[in-house]
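Asker: quick one, what's the 3D model for this:
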Amino acid sequence: MPLTKSVIKRMKQSEVARKRNASTKKAYKVAEKKIIGSIENGDKNSAELLKSLFSKLDIAVKKNVIHKNKAARKKSQIAKKLSVKSK
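Answerer: Numbering: from 1, shown residues only. Below is the predicted model of the structure:
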């Protein structure tokens, strides 16, 4: 158990941040799975799901949950899958 007040406070802050980051990360992962399923099934509402995913990725970058290059890579991969399936 930590001995100093500053370490105790830091542990509390870390726990709150961990939960907040987990919810942000879960949001974009769920959106990613939805759009991949939509692409595989050939649904027509993929554009709206794509917009939602891009928004969630941008929010995660803004909150420093993921790196901007990771978000850019995921956007590129999904857009590539979408364009290949639409042909």
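Asker: switch to C-alpha atoms for all contacts and neighbour counts from now on
Answerer: OK.
Asker: which secondary structure element is home to the residue nearest the centre of the chain?
Answerer: Centroid-nearest residue in the chain, with C-alpha atoms, centre = their mean: Tyr28, separated by 2.9 Å. Per DSSP states H and E: Tyr28 is located in helix 5-41.
Asker: what is that helix packed up against?
Answerer: helix 46-62, helix 68-86 (3 or more C-alpha pairs under 8 Å, 6 or more residues apart in numbering; DSSP states H and E).
Asker: buried ones in the worst-scoring helix or strand of the chain on mean pLDDT?
Answerer: For the chain, the helix or strand with the lowest mean confidence is helix 68-86, at a mean of 91 (criterion: mean pLDDT, DSSP states H and E). For helix 68-86, the neighbour count (16 or more other C-alpha atoms under 10 Å) marks 71, 74-75, 78, 82 as buried.
Asker: redo those residues as JSON lines? Include distance to Thr24.
Answerer: What follows is those, written out as JSON lines (distance: C-alpha to C-alpha, whole Å):
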{"residue": "Ala71", "distance to Thr24": "13"}
{"residue": "Lys74", "distance to Thr24": "15"}
{"residue": "Lys75", "distance to Thr24": "16"}
{"residue": "Ile78", "distance to Thr24": "19"}
{"residue": "Leu82", "distance to Thr24": "24"}
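Asker: closest one of these to Asp43?
Answerer: Leu82 (10.7 Å; C-alpha to C-alpha).
Asker: run through the residues that contact that closest one.
Answerer: The contact partners of Leu82, taken as C-alpha atoms under 8 Å, 6 or more residues apart in numbering, are Ile39.
Asker: figure out the helix or strand that Lys44 lives in.
Answerer: Using DSSP H and E, no helix or strand contains Lys44.
Asker: that older thread, then the least confident helix or strand of the chain to PDB, C-alphas only?
Answerer: What follows is helix 68-86, C-alpha atoms only, in PDB (Å, rounded to 0.1, in the frame of the first residue of the first chain):
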ATOM      1  CA  LYS A  68      -3.000   9.700 -34.400                       C
ATOM      2  CA  ASN A  69      -1.200   7.400 -36.700                       C
ATOM      3  CA  LYS A  70      -3.100   4.400 -35.400                       C
ATOM      4  CA  ALA A  71      -6.300   6.200 -36.100                       C
ATOM      5  CA  ALA A  72      -5.200   7.100 -39.600                       C
ATOM      6  CA  ARG A  73      -4.200   3.500 -40.200                       C
ATOM      7  CA  LYS A  74      -7.500   2.100 -39.100                       C
ATOM      8  CA  LYS A  75      -9.400   4.700 -41.200                       C
ATOM      9  CA  SER A  76      -7.300   3.700 -44.200                       C
ATOM     10  CA  GLN A  77      -7.900   0.000 -43.700                       C
ATOM     11  CA  ILE A  78     -11.600   0.300 -43.300                       C
ATOM     12  CA  ALA A  79     -12.000   2.600 -46.300                       C
ATOM     13  CA  LYS A  80      -9.900   0.200 -48.400                       C
ATOM     14  CA  LYS A  81     -12.200  -2.800 -47.300                       C
ATOM     15  CA  LEU A  82     -15.300  -0.700 -48.100                       C
ATOM     16  CA  SER A  83     -14.000   0.300 -51.600                       C
ATOM     17  CA  VAL A  84     -13.000  -3.300 -52.400                       C
ATOM     18  CA  LYS A  85     -16.400  -4.700 -51.400                       C
ATOM     19  CA  SER A  86     -18.300  -2.000 -53.300                       C
END
